[in-house]
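# Sequence and predicted model, in that order:
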Amino acid sequence: MKLKSALALSIILFDLFIGANLYAETPMALFKKGEDKKKVRPFFQLDSYYSFIGNEQADVQGFKAGIELNQKWRFGVGYNKIKSDIIEWKLLPEEERSYSNTNIVKSQLYLNYYPVLAEYVIYNKDPWQVSVPFTIGYGNSYFSYYDKNNNSRKIFNHSIIITELGVTGQVKVFKWIGLGAGIGYRYLLMNNPEIETKVSSPVYSIRIKIFPGAIIKTFFPNLSGDW
């Protein structure tokens, strides 16, 4: 399953990259009011979110990559993993009871998902930028417990759909790198019915943004196009 998910994500990223380059080279990329081509640039960012599941802190680690249009819109995909210490006592399903000495086990919650990003830049004056990102992601959640042989086993594996809306601010620290922070809210459109703890919550994000276009232009200064 992980291999299939990673392959699907790679294909999406490849399509975005190819599509962006083709779009930038076609006559349809011209503005109605002028002859300037739309500026299409790649971006990559590392994300770190601080949020809560119930009363416990739940950190989100991940990344996003995609394209930026005219320094106004960003579209991309990524991967996020929610790491927490959420513990719930679970009654094992019938098919799992032979692996444990007890029918009720102490289990830990895990969530991971693939977000699709649409982000609008509302303020952009170098080196500062403010934007409104919206993501919707599909993934899975499960509980993990240790059986009588001390092996980790998954139970109650279930699909989830997560949305996030917020506001982020960013400053370009160096030519290649920017730092940002934001606040928003996470809401589960489709939750795992076995999760007893509330997962929807405010989120506080910290991001490191890498500007691939600036890196490319530094090492290949004669490369045509606006990176």
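Alright, I've got the coordinates.
# Determine the three-state secondary structure at the residue sitting furthest away from the middle of the chain.
In the chain, the residue that sits farthest from the middle, by CA atoms, centre = their mean, is Asn101; the gap is 38.4 Å. The three-state label given to Asn101 by DSSP: H, G, I helix; E, B strand; the rest coil is coil.
# so what's it up against?
With contact set as CB atoms under 8 Å, 6 or more residues apart in numbering, Asn101 has these partners: Lys148. Backbone N, C-alpha and C define where each C-beta goes, glycine included.
# Could you pull up phi and psi at it?
Phi and psi for Asn101, reported as degrees, to the nearest 10, are phi -80, psi -20.
# do Thr218 as well
phi -70, psi -40.
# That one: how many residues sit nearby?
Neighbourhood size, Thr218 [other CB atoms under 10 Å]: 12.
# Same question for Tyr120.
11.
# residues contacting it?
72-73, 131-132.
# By neighbours, which of these wins?
Greatest neighbour count in these, by other CB under 10 Å, goes to Ser131: 20 neighbours.
# Please identify the helix or strand for that one.
Assessed by DSSP states H and E, Ser131 sits inside strand 128-146.
# Which residue is the nearest non-sequential neighbour of Asp126?
Sequence neighbours aside, Lys172 is the residue nearest to Asp126 in space, at 6.7 Å (criterion: CB to CB, 6 or more residues apart in numbering).
# who are the neighbours in contact with the one you found?
Counting by CB under 8 Å, 6+ apart, Lys172 touches 126-127, 129, 178, 211.
# Bridged to it, which residues?
In this structure, Lys172 has the following beta-bridge partners (DSSP bridges): Gly178.
# Give me the distance between it and Ser131.
13 Å (CB to CB, to the nearest Å).
# what about the residue nearest to Asp147 when sequence neighbours are not counted, neighbour count?
Leaving aside its sequence neighbours, Asp147 sits nearest to Tyr99 (CB to CB, 6+ apart; 4.1 Å). For Tyr99, the neighbour count with other CB under 10 Å is 16.
# Would you map the helices across this structure?
Using DSSP state H, the helices of the chain run over 2-25, 212-219.
# Now the weakest link among those helices, please, by mean pLDDT.
Of all those, mean pLDDT reaches its minimum on helix 2-25 (a mean of 42).
# Having no further points to raise, I will conclude here.
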